[in-house]
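> A structural model of the following input is requested.
(one chain, ligands or ions: 1)
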Amino acid sequence: MSFKQALLDYKQLMKFIRPRRRLYYTGLIGDSLVNSGLSILIAFVIKDLLNFAVSGQLEDLYAAITIVIGSVVGLCILSPIFSYLYLRSIRLTLADMRMQLYKHIGKITFCAAEKYHSGDLLSRMTSDVQVVEKTYHEHLRSIVSQITMVAGSIIVLCVVDWRFALVLVVLALLTIGINARFSPRMRAIGDKLQAQMGILTERVGDLIGGLQITKLFGLRDQIGKLCEEASEEVSESGLKQGHQSGVLEACNFAVQFFSMGGILAIGLYLVSRQQLELGTLGLILYLQIGISSTFLQVGAAITLMQNSFAGAARIHQLLDQPAEPEGDRATAGLEAEPVCQETSGNVPALELCNVTFGYEPGRPVLRCLSMSVTEGKVTAVVGPSGGGKSTIMKLLLSFYERESGVIHIQGKALEHYRIKELRELIAYVPQEAFLFHDSIAGNIRLGRPDASDEEVENAARMAQAHAFITELPDGYATMVGERGSTLSGGQRQRIAIARALLKNAPILLLDEATSALDAESEHEVQLALQELMRGRTTLIIAHRLSTIEQADCICVVADGSLVEQGTHEELLEKGGVYSKLHDLQYNAEQVLVSV
Ligand SMILES: Nc1ncnc2c1ncn2[C@@H]1O[C@H](COP(=O)(O)OP(=O)(O)OP(=O)(O)O)[C@@H](O)[C@H]1O
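This next block holds a predicted model:
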């Protein structure tokens with residue numbers, strides 16, 4: 001690893017603490033100075049005590065006692081102050097970092113978010129933040145302590161005996177050289193380890209999330225093996241790191257061992273020739289041992305810092321992912337695009353004109369699709385599975401950016417809306433109703449956070465959910481479990497519908513909103529939805545054609561294009577795709593009835 005790369009990694013790692021760098025470095029350097037200063041003072045205590053033992057002069061003893069008392073008092077006053085400063089800056093920085101990550105994940109575009117497994121995102125927010133914390137808290141402290149200790153010791157030795165100072169300078173350079181040679185390997189292992197931690201979290205996440213399927217299909221061994229493999233890879237990298245760290249430690253240790261032996265031999269020789277006091281030799285040896293131990297620590301710190309570099313890089317990589325724009329997204333070019341033709345003389349509430357879109361480049365899901373939804377009317381979208389029906393809704397909600405074409409909502413280009421403003425206009429009930437681990441009332445209230453209890457209850461009544469909610473032991477206060485796991489699919493969907501009802505938005509997007517309901521509940525919810533849809537612009541996706549026969553307009557979407565449009569009767573008469581789908585479903589239902 002070049003010095004330039006190391007500097008870049010360091011800068012990236014320290015970016016998070018930059019707003020509090022004064023506090024942090026004051027605390028860190030102050031704390032290191034206090035600790036290394038204390039170590040150096042103890043060397044003087046040893047020197048004075050040894051001299052006292054040899055000469056019996058009381059001044060030496062008094063000097064030693066004075067240094068001890070002074071050091072203890074200094075330590076008790078200064079150390080807590082500096083520790084507090086830098087610990088405070090670390091805690092606040094980590095809190096900011098987590099917050100920044102949470103907020104960014106909330107804002108990230110769907111396109112960018114889909115690149116990550118939820119387990120990987122979790123790992124970035126936990127394991128990667130932890131390794132970054134380690135450097136802020138421990139590794140840098142160890143390195144700065146070493147620098148101050150070595151610098152202080154060299155200054156002292158320059159005063160006491162410059163020859164030994166020279167030896168220590170050589171030793172310091174040698175240690176830096178050895179550690180620098182190991183850094184690239186450590187960094188490569190660190191990168192691998194953090195990525196493997198991400199994979200392990202992903203697999204464990206899948207195991208927990210898919211527990212039912214795992215048990216149902218007897219996949220425990222198969223999925224367990226995947227977790228085991230990921231865990232083994234983490235252990236393997238950990239072992240490699242441990243091995244490299246051990247070799248580095250051994251190299252540092254050898255350097256220190258030989259240097260201590262050398263200093264001791266030369267020192268004793270000089271003492272025997274009365275060219276050096278025994279106390280001074282004691283001081284030199286003590287400083288040398290102190291430096292040795294910090295050299296050993298720094299080897300380990302440099303190893304572990306590579307993990308922090310890798311962790312910081314992963315966090316920045318996530319933070320660099322594009323976020324949804326918050327302001328007006330219009331550009332001059334888009335403003336100039338033509339408005340689609342109007343249907344029946346009115347400005348359509350929703351309008352897609354020649355829209356082309358694909359989740360992946362070169363694989364269009366919607367191909368030059370044009371359709372419109374008249375204000376206050378119910379428009380249904382039907383068609384074969386995978387034809388692009390849900391994708392239309394996702395584009396209307398601006399979850400994804402189309403490749404070409406124009407979308408207008410209430411006569412205004414999509415880009416002219418702020419994302420927040422756009423989503424306030426629309427209530428969306430997706431295929432899979434997601435519930436937060438909160439109470440039922442809390443989940444419904446997400447539709448309108450300032451809604452009163454009465455309004456929440458009204459919405460639940462309209463969605464035919466009130467009856468089952470009141471039968472639960474805690475009623476509206478019942479906690480729904482992770483993703484609503486304590487409720488049935490139909491109950492979850494009714495709560496999602498109640499949430500949409502409460503939002504009371506002028507535009508409704510219902511994507512198979514009644515798919516998880518039994519026939520009876522579906523009938524009830526259909527009635528509620530019909531009431532809700534009255535006078536509102538509604539786009540509804542349904543597979544069961546019987547549920548949308550009354551729609552004002554039915555759009556048949558197949559293979560990303562609008563292939564037919566009209567009322568139920570018109571489309572049946574036409575004898576096209578809709579009519580075939582209808583016949584298929586009708587015949588299948590007849591078969592079921594006869595069974
Ligand atoms: N996030 C995604 N990334 C990549 N491809 C996707 C994504 N979501 C959907 N697709 C693909 O886009 C195509 C259209 O999907 P879409 O969900 O819009 O179909 P649909 O008509 O609503 O299907 P269904 O009736 O089964 O719900 C499918 O081929 C699907 O595999």
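> now the lengthiest helix in the chain: mean pLDDT?
The longest helix of the chain (DSSP state H) is helix 220-272. The predicted model assigns helix 220-272 a mean pLDDT of 82.
> average pLDDT across stretch 382-395?
pLDDT averaged over stretch 382-395 gives 88.
> sorry, back to before: which elements pack onto the helix or strand following the longest helix of the chain?
Using DSSP states H and E, the next helix or strand after helix 220-272 towards the C-terminus is helix 278-319. The elements that helix 278-319 packs onto, with contact taken as 3 or more C-beta pairs under 8 Å, 6 or more residues apart in numbering; DSSP states H and E, are helix 3-14, helix 21-55, helix 58-107, helix 118-125, helix 127-134, helix 140-160, helix 162-209, helix 220-272. In this view, the C-beta of every residue, glycine as well, is placed from N, C-alpha and C.
> dump those into JSON lines; add distance to residue 411 and mean neighbour count as well.
Below are the helices and strands packed on helix 278-319 laid out as JSON lines (distance: least, C-beta to C-beta, whole Å; neighbours: other C-beta atoms under 10 Å):
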{"stretch": "helix 3-14", "distance to residue 411": "47", "mean neighbour count": "15"}
{"stretch": "helix 21-55", "distance to residue 411": "51", "mean neighbour count": "19"}
{"stretch": "helix 58-107", "distance to residue 411": "28", "mean neighbour count": "15"}
{"stretch": "helix 118-125", "distance to residue 411": "38", "mean neighbour count": "20"}
{"stretch": "helix 127-134", "distance to residue 411": "46", "mean neighbour count": "21"}
{"stretch": "helix 140-160", "distance to residue 411": "58", "mean neighbour count": "19"}
{"stretch": "helix 162-209", "distance to residue 411": "42", "mean neighbour count": "18"}
{"stretch": "helix 220-272", "distance to residue 411": "51", "mean neighbour count": "15"}
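> need the residues of the protein near the ligand, please.
114, 359, 365, 385-391 (C-beta under 6 Å from any ligand atom).
> quick one: least confident helix or strand in the protein?
Every helix and strand of the chain was ranked by mean pLDDT, DSSP states H and E. The lowest is helix 332-335, at a mean of 42.
> continuing past it, what's the next helix or strand?
Counting by DSSP H and E, what follows helix 332-335 is strand 350-357.
> close enough to count as contact, residue 251 and residue 180?
No - Residue 251 is not in contact with residue 180 according to C-beta atoms under 8 Å; the separation is 11.9 Å.
> from the residues of the chain next to the ligand, keep the buried residues only.
Buried residues within the residues of the chain next to the ligand, counting neighbours by 16 or more other C-beta atoms under 10 Å: 365, 387-391.
> if we can go back for a sec, filter the residues of the chain next to the ligand down to the ones in helices?
Applying DSSP H to those, the entries found in helices are 389-391.
> closest to residue 573 out of those?
Of all these, residue 389 has the smallest distance to residue 573: 23.0 Å, by C-beta to C-beta.
> for the closest one, give its distance to residue 396.
Separation of residue 389 from residue 396 (C-beta to C-beta, to the nearest Å): 12 Å.
> residue ranges in the stretch 401-550 of the chain under the pLDDT threshold?
The stretch 401-550 of the chain contains residues with pLDDT under 70 at 513-521, 524-525, 527-528, 531.
> strands of that one, start to end?
404-409, 412-413, 426-429, 507-511, 537-541 (DSSP state E, counting those that start in this stretch).
> any idea which of those is most buried?
For the strands of the stretch 401-550 of the chain, the largest average neighbour count (mean count of other C-beta atoms under 10 Å) is found in strand 537-541, namely a mean of 25.
> residue contacts, residue 389?
With contact taken as C-beta atoms under 8 Å, 6 or more residues apart in numbering, residue 389 is in contact with 381-383, 511, 541, 557.
> what's the pLDDT at residue 299?
66.
> quick check, residue 429 in contact with residue 510.
Yes - in terms of C-beta under 8 Å, residue 429 counts as a neighbour of residue 510; the distance is 5.1 Å.
> shared neighbours, those two?
The contact lists of residue 429 and residue 510 share residue 500, where a contact means C-beta under 8 Å, 6+ apart.
> which element is residue 563 on?
strand 561-566.
> now the angle from that strand to strand 350-357?
150 degrees (axes from the mean of the first three to the mean of the last three C-alpha atoms, to 10 degrees).
> strands paired with strand 561-566, and their directions?
Using DSSP bridges, the strands paired with strand 561-566 are strand 553-558 (antiparallel).
> may I have the strand it pairs with as PDB, with CA atoms only?
Taking Å, rounded to 0.1, in the frame of the first residue of the first chain, the C-alpha atoms of strand 553-558 are listed here in PDB:
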ATOM      1  CA  CYS A 553     -62.300   1.800 -18.000                       C
ATOM      2  CA  ILE A 554     -60.200  -1.300 -18.300                       C
ATOM      3  CA  CYS A 555     -56.700  -1.200 -19.700                       C
ATOM      4  CA  VAL A 556     -55.100  -4.500 -20.800                       C
ATOM      5  CA  VAL A 557     -51.400  -4.400 -20.500                       C
ATOM      6  CA  ALA A 558     -49.300  -7.200 -22.000                       C
END
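> distance from that strand to the middle of the chain?
Once both centres are worked out by C-alpha atoms, centre = their mean, to the nearest Å, strand 553-558 turns out to sit 39 Å from its chain's centre.
> ok, residues contacting it?
Strand 553-558 has contacts (C-beta under 8 Å, 6+ apart) with 369, 371, 373-374, 377-384, 387-389, 392, 548, 562-568, 571, 576-578, 581.
> so among the residues you listed, which ones count as buried?
Here, 16+ other C-beta under 10 Å leaves 369, 371, 373-374, 377-383, 387-389, 392, 548, 562, 564-566, 568, 571, 577-578, 581 buried among these.
> hang on, the earlier thing: any chance of the buried ones among the residues of the chain next to the ligand in CSV, with distance to residue 165 too?
Below are these laid out as CSV (distance: C-beta to C-beta, whole Å):
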residue, distance to residue 165
365, 72
387, 80
388, 76
389, 79
390, 74
391, 73
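> and which of those residues is nearest residue 454?
For those, the nearest to residue 454 is residue 390 (33.9 Å; C-beta to C-beta).
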